[in-house]
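**Q** Starting from these lines, generate the structure:
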Amino acid sequence: RQSPATLPDKPVCKDKVKGWRDRNGDDCGAYAIYAWCTPAGTEGTGWPAEWGLIEEFAKDGHSAFSACCGCGSGCADSVPKWVDADGDSCAYYEAQKFCTPEGAAGTGWVTEWGSLADFAV
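**A** Residues are numbered from 1 along each chain as shown. All right, here's what the predicted structure looks like:
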């Protein structure tokens, strides 16, 4: 984290399919944490090519792309199209657990970066 940004009052990112798990039992949180997908709805840098396509892990008619906010589904930023100075979106903040839906620092926020307020412009 380098540059300050204006954070939305209450970032909102909710999975479209509550409680969804893929055919192997992995949930939306795993897809976000391991960077298996991106908030833009594409395969992430953590998705090994030898696994095949994310869609092949669909369950109950949904893949991570249609079920998970961190994979591009179900996201709704409180400030439409908001990004910070590094280009990170509200959905990215949520996927990385930088903040909570209440607007507090999340478990992914590194205290050495300062407070969320330090990133407001």
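**Q** For the rest of this, base every contact and every neighbour count on C-alpha atoms.
**A** Noted.
**Q** For residue 18, grab the count of nearby residues.
**A** Residue 18 has 11 neighbouring residues, counting by other Cα atoms under 10 Å.
**Q** show me what contacts it?
**A** Residues in contact with residue 18 (Cα atoms under 8 Å, 6 or more residues apart in numbering) are residue 67.
**Q** Which strand or helix spans it?
**A** Assigned by DSSP states H and E, residue 18 belongs to no helix or strand.
**Q** So it versus residue 69, what's the distance?
**A** 10 Å (Cα to Cα, to the nearest Å).
**Q** residue contacts, residue 47?
**A** Residue 47 neighbours (Cα under 8 Å, 6+ apart): 34-37.
**Q** Residue nearest the middle of the protein, spatially speaking?
**A** Closest to where the C-alpha atoms of the chain average out (Cα atoms, centre = their mean) is residue 95, at 2.2 Å.
**Q** Measure how buried residue 63 is and give me the count.
**A** Other residues near residue 63 number 22, with proximity taken as other Cα under 10 Å.
**Q** Not counting its neighbours along the chain, what's nearest it?
**A** Distances taken as Cα to Cα, 6 or more residues apart in numbering place residue 55 nearest to residue 63, at 5.2 Å, with adjacent residues excluded.
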